[in-house]
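>>> Sequence first, predicted model second:
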Amino acid sequence: MSSKSSCARQGEQLWAKMPKANTELFALTYGAIVTEIISDSQTVQEVNDRLESMGYNIGIRLIDEYHAKSAVVVGSGQPCMTLKETADAIAKIGFKMFLGIACDVASFAPDGRSFSLYLYDNPLTTFVELPPPEDCEGNMDLSQMQFSNIYCGVIRGALEQVNLRVNCSFVRDVLKGDEVNEIRVELKEVLADGAGEDYQEE
């Protein structure tokens, strides 16, 4: 079993080897994509769904790069064997490897089937402020937009490729006045021929 510190070490090592993009350009490019999605959508829920779907399509491909560069290890050369190890791999390796940020794992449910990811830095929202509800009209209440919902899709898509079906959603958002960004991940099913007989949902 791998420790959080070994995950963090591996995340740092992988981040050092990744090609870097300018943070401001990255944020502006994502903002332009979101703006286009808003203009093509009828409701804020449609915007949220499309961002999640875009992330899902990225996640099902991104997992291959994660596998290739991390060898699906969490410090010990072995695959993740529990949901807690999976959570640490997402938080300390995945986010660090691709975005240069690490997040914390917290609030594991008593049944071991759900957990939260706390993001203290979010490069996607560098230049973003959501409008207040009174400035929004009709079904396009952008104060309710999940601007970074792409993260939820990436996590869902990547985990589905390793046969873990999850629900993933933002429950707290700094853009809406919360102190931290919190993504809740809930394991729904270990798919057939999935994570292996040894995988535990503790």
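Looks like it arrived, so ask away. Keep in mind that this is a model prediction, so the values were computed, not measured. Residues are numbered from 1 along each chain as shown.

>>> Distance from the longest helix along the chain to the middle of the chain?
Across the chain, the longest stretch assigned as helix under DSSP state H is helix 44-70. In terms of Cα atoms, centre = their mean, to the nearest Å, the centre of helix 44-70 is found 9 Å from the chain centre.

>>> Scan the helices and strands of this protein for the one with the lowest mean pLDDT.
Lowest mean confidence among the helices and strands of the chain (mean pLDDT, DSSP states H and E): helix 4-17, at a mean of 61.

>>> And the strands in the protein, which stretches?
Using DSSP state E, the strands of the chain run over 104-106, 114-119, 164-172, 181-190.

>>> Quick one: closest of the ones you listed to residue 94.
Evaluated with Cβ to Cβ, these place strand 114-119 nearest to residue 94, the distance being 9.8 Å. Yep, even glycine has a C-beta here, placed from its N, CA and C like the rest.

>>> now that closest one, how far from the centre of its chain.
Here the centre of strand 114-119 is set off from its chain's centre by 9 Å, with Cα atoms, centre = their mean.

>>> Between strand 181-190 and it, find me the angle.
Calculated by axes from the mean of the first three to the mean of the last three Cα atoms, to 10 degrees, strand 114-119 forms an angle of 150 degrees with strand 181-190.

>>> so for strand 114-119, what's the average pLDDT?
In this model, strand 114-119 has a mean pLDDT of 96.

>>> Same question for stretch 42-49.
If you average the pLDDT over stretch 42-49, you get 95.

>>> Output it in CSV with nothing but the alpha carbons.
Taking Å, rounded to 0.1, in the frame of the first residue of the first chain, the C-alpha atoms of stretch 42-49 are listed here in CSV:
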residue,chain,number,x,y,z
GLN,A,42,-30.4,27.1,-23.9
THR,A,43,-30.0,26.6,-20.2
VAL,A,44,-27.3,26.7,-17.6
GLN,A,45,-27.9,22.9,-16.9
GLU,A,46,-27.1,22.3,-20.6
VAL,A,47,-23.8,24.2,-20.1
ASN,A,48,-22.9,22.2,-17.1
ASP,A,49,-23.7,18.9,-18.8
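
>>> re earlier: deepest-packed of the strands of the chain, please.
strand 114-119 (a mean of 21; mean count of other Cβ atoms under 10 Å).

>>> Each with direction, which strands does it pair with?
strand 104-106 (antiparallel), strand 181-190 (antiparallel) (DSSP bridges).

>>> and the longest helix of the chain, which residues are buried?
44, 47-52, 54-56, 58-60, 62-63, 66, 69-70 (16 or more other Cβ atoms under 10 Å).

>>> now that helix against strand 164-172, angle please.
Using the same axes, to 10 degrees: helix 44-70 against strand 164-172 is 120 degrees.

>>> Quick check: which helices or strands does helix 44-70 pack against?
Counting contacts by 3 or more Cβ pairs under 8 Å, 6 or more residues apart in numbering; DSSP states H and E, helix 44-70 is packed against helix 4-17, helix 23-39, helix 95-99, helix 150-161.

>>> I am finished for the moment; much appreciated.
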